[in-house]
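Novice: predicted coordinates and the sequence they were generated for:
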Amino acid sequence: MQPSTSSHPPSNRPDATEASGRRGSNLPTTTSELAGLKIRLYKSLRQFPDFPEPGILFEDILPLFSDPTLHESLIRALELHIENSYSKDQRPDVIVGLEARGFLFGPSLALRLGAGFVPVRKPGKLPGPTEVASYKKEYGEDHFQIQADAIKQGQRVLILDDIIATGGSAAAAGSLVKKLGGVLLGYIFILELDFLRGRDKLDAPVYTLLSSQPDGEGT
Ligand SMILES: O=P(O)(O)OC[C@H]1O[C@H](OP(=O)(O)OP(=O)(O)O)[C@H](O)[C@@H]1O
Ligand SMILES: Nc1ncnc2[nH]cnc12
């Protein structure tokens, strides 16, 4: 296992200058709204060293849900990102959320977008025919399952989770979506542990709301 060092290097921090709109007076309103939301969201996150085992710096996103205004900001920020990234006829038909933390905000985002929500679950929880994929993550190994009829051939799918660490969970979910015939538009995360280079395992576009993007598009 790789030890966590810092999950929040300073260069990843949301930029208050961008949020105020001072960087360019004709910044689209949505860009400036998104930047402001990110700053607020970022400040609410907490870290716990050595959880769930020594050497892991655990990123706690739960404060985002204990305050309804932060919760609303999170959903709004993700909605803005999707509106800015996909034309109306290319938006997702389905949001796939990963157990368990992807279930906290996947359904509300899907509802906001007028998309369906489909859960990818840990083994033994889903009835009926399922597809299964195994994966390794930052602390351990696991399996994911999806109901075999949950995604129709050709449906556009976005995969959503709180954190990408090694990328094992997300890659397994991506393989399940493709096995069912879904068109994988990409992945969305709240946080990324950049040093683990999880995005290298993924073969669709990756967007992380609160940490740096390689193309400079992020926070
Ligand atoms: O990129 P990876 O190395 O795969 O790690 C990321 C995954 O790990 C965490 O979930 P976890 O399996 O701990 O379960 P939980 O959401 O049920 O707490 C997190 O919510 C992601 O799903
Ligand atoms: N460092 C971390 N903090 C929170 N969730 C995680 N999932 C995998 N690694 C994690």
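Specialist: Yes, it's here. Ligands and ions are numbered 1, 2, ... in the order given.
Novice: what is the neighbour count of Asn84?
Specialist: Here the number of neighbours of Asn84 (other CB atoms under 10 Å) works out to 11. (Glycine included, C-beta is placed from N, CA and C.)
Novice: scratch that, Ser44
Specialist: If we define neighbours as other CB under 10 Å, then Ser44 has 17 of them.
Novice: can you give me the helices in this structure?
Specialist: With DSSP state H, the ranges of helices along the chain come out as 16-20, 29-43, 63-66, 68-85, 102-113, 168-179.
Novice: tell me the buried residues in the shortest one?
Specialist: Which is helix 63-66. Leu64 (16 or more other CB atoms under 10 Å).
Novice: how about low-confidence regions in this structure?
Specialist: Within the chain, the stretches with pLDDT under 70 are 1-28, 138-139, 212-219.
Novice: ok so, going back, want to throw the helices of the chain into a markdown table with distance to ligand 2?
Specialist: Below are the helices of the chain laid out as a markdown table (distance: least, CB to the nearest ligand atom, whole Å):
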| stretch | distance to ligand 2 |
| --- | --- |
| helix 16-20 | 25 |
| helix 29-43 | 15 |
| helix 63-66 | 13 |
| helix 68-85 | 16 |
| helix 102-113 | 11 |
| helix 168-179 | 8 |
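Novice: could those helices be laid out in a markdown table, adding distance to Ser211?
Specialist: A markdown table is the format used below for those (distance: least, CB to CB, whole Å):
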| stretch | distance to Ser211 |
| --- | --- |
| helix 16-20 | 15 |
| helix 29-43 | 9 |
| helix 63-66 | 15 |
| helix 68-85 | 13 |
| helix 102-113 | 17 |
| helix 168-179 | 15 |
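Novice: please work out which of these is packed deepest.
Specialist: Highest mean neighbour count among the helices of the chain (mean count of other CB atoms under 10 Å): helix 168-179, with a mean of 23.
Novice: now for Leu64: which residues touch it?
Specialist: Leu41, Ser44, Leu45, Leu70, His71, Leu74, Phe105, Ile190 (CB atoms under 8 Å, 6 or more residues apart in numbering).
Novice: so which of these would you say is closest to Phe58?
Specialist: Using CB to CB, Leu45 is the member of these that lies nearest Phe58, at 10.9 Å.
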